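Participant: got a predicted model here, sequence first, then my questions.
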Amino acid sequence: MGDDLEALRSDTLEALAQAQDHAAWDAIRVGVLGKSGRLTRLLKELGKMSPEERKERGQALNRLRDALNSAVEARGQEIADAVLEARLKSEQVDVTLPAPALSLGLLHPIGRTVEEMTAIFGAMGFSVAEGPDIESQWHNFSALNTPDHHPARTEHDTFYLPSAQEDSPARVLRTQTSGVQIRTMLTEAPPIRVIAPGRTYRADHDATHSPMFHQCEGLVIDKGITLGHLKGCLIEFLRVFFDKPDLPVRFRASYFPFTEPSMEVDIGWSRQTGEIGGGTDWLEVLGSGMVHPRVLANCGLDPAIWQGFAFGMGIERLTMLKNGIPDLRSFYESDLRWLRHYGFSALSSVSLAEGV
Amino acid sequence: MKFTLSWLREHLDFTVSLDAILAKLNAIGLEVESVENPADSLKGFRVAKILEAHRHPDADRLQVCVVAAGGGYEKVQVVCGAPNARAGLHVIFAPPGTYIPGSDITIKAGKIRGQESGGMLCSLRELGLGAESDGIAELPETVVLGQAYADYARLDDPVIDISITPNRGDALSVRGIARDLAAAGLGHLKPWLVETVEGHFPSPITWDIQYDSACPFIAGRLVRGVRNGPSPDWLRQRLESIGLKPISTLVDITNFLTFDLGRPLHVFDAGKIGGTTLSLTRAARETFRALDGRDLVLGTDDLVIVDSAGVQSLAGLIGGEATGVSDETVDVFIEAALFDPVRIALTGRRLGVHTDARQRFERGIDPALVLSGLEAATRLVLDLCGGEASDVTSAGAIPAWQRDAWLRFDRLSTLGGADIGEEEATRILEHLGFEVREREAGRSLFAVPSWRNDVATGVMLDQAPHLDPDQAQTAAASVHAIEAENDLIEEVLRIHGLDSVPPLPLPLRTAIAAPAVTPAQKRLGDLRRLCALRGLTETVGFSFVSHEDALLFGGAPEGLRLLNPIASDLNQMRPTPLINLVRAWQRNAARGLNDAALFELGPCFLADGQKLVLAGLRGGETPRRPGARAQAMTLWEAKADLMAALDALKLPAEALSVTADAPGHYHPGRSGVVRQGPKTVLGCFGELHPRVTRAMGIDSTLVVFEIFLHAVPLPKVKRRQPPALSAFQPISRDFAFIVAPGVEAQSVLKAARGAERNLISDVSLFDVYEGGSLEAGHRSLGIEVTLQPVKASLTDDEIEAVSEKIIAAVAKATGAQLRR
């Protein structure tokens, strides 16, 4: 290799070593390897040489070109790495800073319980029926075999509203969801299988009573439905709802004007620990019975043909038991601290496949 | 209904345990509310005798006694402060370790003023048994030293309280309860026989029924020459054991029979009755002073018993003060009657009279027990108060109570689901007092006992008014027989035990059940989830609010004002759930949580009916964080919530229009109404009117929205076209239009969108500019139009042509000029 080539080589390598940024590096690259770069110029001069000279000089130039190419590339990569390194360093942040929060709201436990009830009874073939909160006395009482003087009416501390028309009786805020039974029987031909969750009202306000609360009514009308089906249906519901396949369930004879025989339903629990299914105590959770023939006849169904059962349960009560909520009144106070504690995520679905 | 185990034993022979009785009561429909044994709180107290008593050497008011209390306490020194402590007195002794319920302390051995004291001598008050506290209790000399006091005083007797359902008037008596338990196999019902007392003279007082629909039959008799006063111990104890206060022997006898037999009675002091006739009649509008000292204002439907001086008794409910018996009573007139249960219930309810008599009369009492009950009362009066009885006098007639009911035994399984044989069913019914009248293959006719006025009664129907007459009649015709039979089935199942009915799965009509909710119901769940995901927390508010709050939100009609509210802030059906949300926000803010974002999906109540509303509220500010300052909520947050919810209801913004005419509770300039077409109002959004928030005591800005779900149509079910997935790149062009005052952005967007429907896939507003070189009130609206070619890429000429179309369309619709 001639001295000029060696000089080019060492000049270039030295310059590359000195270059600290992309611009300096690029100037070297162009100055040596560019169209009019020093090496390119030397290569162009080859044509003027004799074939022998050209061969020897050409080989030397090619070797130099390859060497400088690699050196330029390598230095270029080094510089790019250093630049990126410096950028990354400058971009460093305090990663412990909080991210912008997308706060989620929560769903009220009452709605959750209604969805769970709907899922479970839905799997047993029930559909959801609805009725108005302001009812006629006929729908809320009379049709349900509870005439005006009936002692059961006095037990219901009813809220009254002015009558809709002159000389018709005062309207009531429904004291029970049972009026939906009547509405369903009057609008649907049997067989019937409905639940009716909804708001109910009684003029009572203390630690264990709220003037408004929620009930879920159930009605099954068909041919050949017996008290055995009532028991099977409600035991199934309670065991799935509380997720306790062995939950003890007890049926006690009772009385409701609109069913006969009537039964209250208890589940096993521990008074001491509140554990559902544990202990030796019993807790009343439901009222139920075979639909009274007068109720069927009031709705135009022939009790010699149709029979079935009805039930009603307190939604808050079941929600409190399932979720360990101690105070009834807190359901309606809309205290964010309470709602954040007992509320349900909108993302947690209610499905039997996942378990309610 | 309270009773004690020993009282039950008067009517029932049994050997089973208390627990077995309680379990059976629960099973057969006599629900046990509580069980209490007074002896449980008297553990440790013993009967003792003071052997010696000396004055305490260092205290004038104390005595040092030596007490003998048997079994390990032969000679115990006790320091006692009671003035009546003296040698020879029989007393109640509490050894160390005894809990004293009346003082809530536990006795310890110790020294009192230097003298050893190994226990305590007690008053009845200290035992929690009454008010006597004038020294220690003095017991008779006949006691056995060392006996537990509870045993001595016969207090080891559990008190059982059961709740009686409205149909079981017969179980409001110890005898009725005993009968049920006997039928359920827990013992044998003892026979009850009453000795007829012969009358020695005609009753000087007679009955006159003038209101026979309210009183079919009444009987009475006079006993002359009685001595009234405190009852004997056994009677006092019976009444006290169930929490009744003994008054005098005559009154106590009536109370005893009320609970023992379920036979309410009344006693008049015959000396205070004016004239010789007691009439059953309608009350005039008069005031009557009852035995409890209350003045009751009577109505003309109320049944009263009057003498020549006026009303002396509110029949079946409560007697009058003027003719009540006292220790001076010499002649007593005893009343036993049948009253109309409905009449008693209505009067009792209206006047707020809650008596043991009412409880029984309104459930109906045993018509066959009127005369025998009167005999039993007479016997007790003669035994306890002496005197001489008159003949029985009566008016009216005992109504026929005899009824029959058929039972087809297979119905025990086809309705009751139970496997109970004919023999067992018959046995149960016979134990309950039913008698077989006829037997046929597979069925029997049973006679109903007099005390079961809930079985096979007359049927009262209240059929829906618009039923098809034939259908109504067919249904009504079946009821009586079915109901009477069901009554019997209920009795058999109740006594046999509902536990024996095997549970059966409810047969499904399809292997997999159909959806339980309708599309309209399903979308409510979707909305609730959407709101929660957008940061709103669900609440449940009362359907009633205060009248004043309702007025602020534009709806407080008198027709929706409660006639009997429980509180003045809960007296009006709410016109919107917003009221509850605002109040909830306020309560939370008062606790330092002023950034509540809440929603409720619930009913509102308007003059034209109940509607379902989704309402949401945001208040306070966005949270501060590095690089972002806290910002007050604006109407845009509320609009975003509303539009997101409508979008979820399949109503995209393009299909809707917004007008600036929200109801009065909204800020007039910062609120809007979202409509579908010109008429249908779907919802509102905006800031609450400052006047409304101020009236409610809030000085922050609250932004809210409401969706009126009844107005939101369900999406039509139709097969959707596959999407047009163009292969060509969309391009976008920006335009700035200058619009005159009053021109709304949505008109510009709508006009642009409509300029070339096949090509324009989206139009959005990205900038609003006012001021600068623009004329006052004019705005420059920057919109971005996206063009989506379908068949081929657009040429510059085509793009230019569309742009011109857009400019022309917007200009035509709104008068807007392109800003060049």
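Facilitator: Done, it's in. Numbering: from 1, shown residues only, chains lettered A, B, ... in the order given.

Participant: for residue B:724, which non-adjacent residue is closest in space?
Facilitator: Of all residues not flanking residue B:724 in the chain, residue B:790 sits nearest, at 6.8 Å (CB to CB, 6 or more residues apart in numbering or on different chains). To be clear about C-beta, it is placed using only N, CA and C from the backbone, and glycine gets the same treatment.

Participant: ok and the residue in the stretch 51-200 of chain A nearest chain B?
Facilitator: The nearest approach of the stretch 51-200 of chain A to chain B comes at residue A:122, 2.9 Å away (CB to the nearest CB).

Participant: what number of residues are in the vicinity of that residue?
Facilitator: Counted with other CB atoms under 10 Å in any protein chain shown, the neighbours of residue A:122 add up to 19.

Participant: sorry, back to before: which residues sit in contact with the residue nearest to residue B:724?
Facilitator: B:724, B:726, B:728, B:758-759 (CB atoms under 8 Å, 6 or more residues apart in numbering or on different chains).

Participant: name only those of those residues that count as buried.
Facilitator: residue B:759 (16 or more other CB atoms under 10 Å in any protein chain shown).

Participant: what about the contacts of residue B:790, which are in strands?
Facilitator: If you go by DSSP state E, the contacts of residue B:790 have nothing in strands.

Participant: for the contacts of residue B:790, give me CSV that also has pLDDT.
Facilitator: CSV is the format used below for the contacts of residue B:790 (pLDDT from 0 to 100):
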residue, pLDDT
B:724, 83
B:726, 90
B:728, 93
B:758, 88
B:759, 92
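
Participant: farthest-separated two in the contacts of residue B:790?
Facilitator: The distance between the two most remote of the contacts of residue B:790 (CB to CB) is 13.2 Å, for B:728 and B:758.

Participant: buried stuff in the lengthiest helix in chain B?
Facilitator: Counting residues, the longest helix found in chain B (DSSP state H) is helix B:469-496. By 16+ other CB under 10 Å, the buried positions in helix B:469-496 come out as B:472, B:474-476, B:478-496.

Participant: likewise stretch B:742-753?
Facilitator: Those would be B:743, B:745, B:747-753, for stretch B:742-753 by 16+ other CB under 10 Å.

Participant: show residues contacting that stretch.
Facilitator: B:654, B:657-658, B:735, B:737, B:739, B:760, B:763-765, B:768, B:779, B:781, B:783, B:785, B:806, B:809-810, B:812-816.

Participant: so how far is that stretch from its chain's centroid?
Facilitator: A distance of 57 Å separates the centroid of the chain from that of stretch B:742-753, by CA atoms, centre = their mean, to the nearest Å.

Participant: please apply the same query to stretch A:96-115.
Facilitator: Relative to its chain's centre, stretch A:96-115 lies at 9 Å (CA atoms, centre = their mean).

Participant: roughly how far apart are residue A:74 and residue B:677?
Facilitator: Distance, residue A:74 to residue B:677, using CB to CB, to the nearest Å: 72 Å.

Participant: returning to what we had before: so which of the buried residues of stretch B:742-753 are in helices?
Facilitator: B:745, B:747-753.

Participant: possible to save those as TSV with pLDDT?
Facilitator: Formatted as TSV, those follow (pLDDT from 0 to 100):
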residue	pLDDT
B:745	93
B:747	93
B:748	94
B:749	94
B:750	93
B:751	95
B:752	95
B:753	93
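
Participant: tell me where the stretch 151-300 of chain B has strands.
Facilitator: Using DSSP state E, counting those that start in this stretch, the strands of the stretch 151-300 of chain B run over B:159-163, B:188-189, B:206-209, B:217-224, B:266-269, B:277-282, B:287-289, B:295-297.

Participant: wait, the stretch 101-250 of chain A
Facilitator: Counting by DSSP E, counting those that start in this stretch, the strands of the stretch 101-250 of chain A are A:106-107, A:127-128, A:134-135, A:160-161, A:171-173, A:192-201, A:212-222, A:249-256.

Participant: quick check on the contacts of stretch B:742-753: which are buried?
Facilitator: Buried by 16+ other CB under 10 Å: B:657-658, B:735, B:737, B:739, B:760, B:763, B:779, B:781, B:783, B:785, B:806, B:809-810, B:813-814, B:816, out of the contacts of stretch B:742-753.
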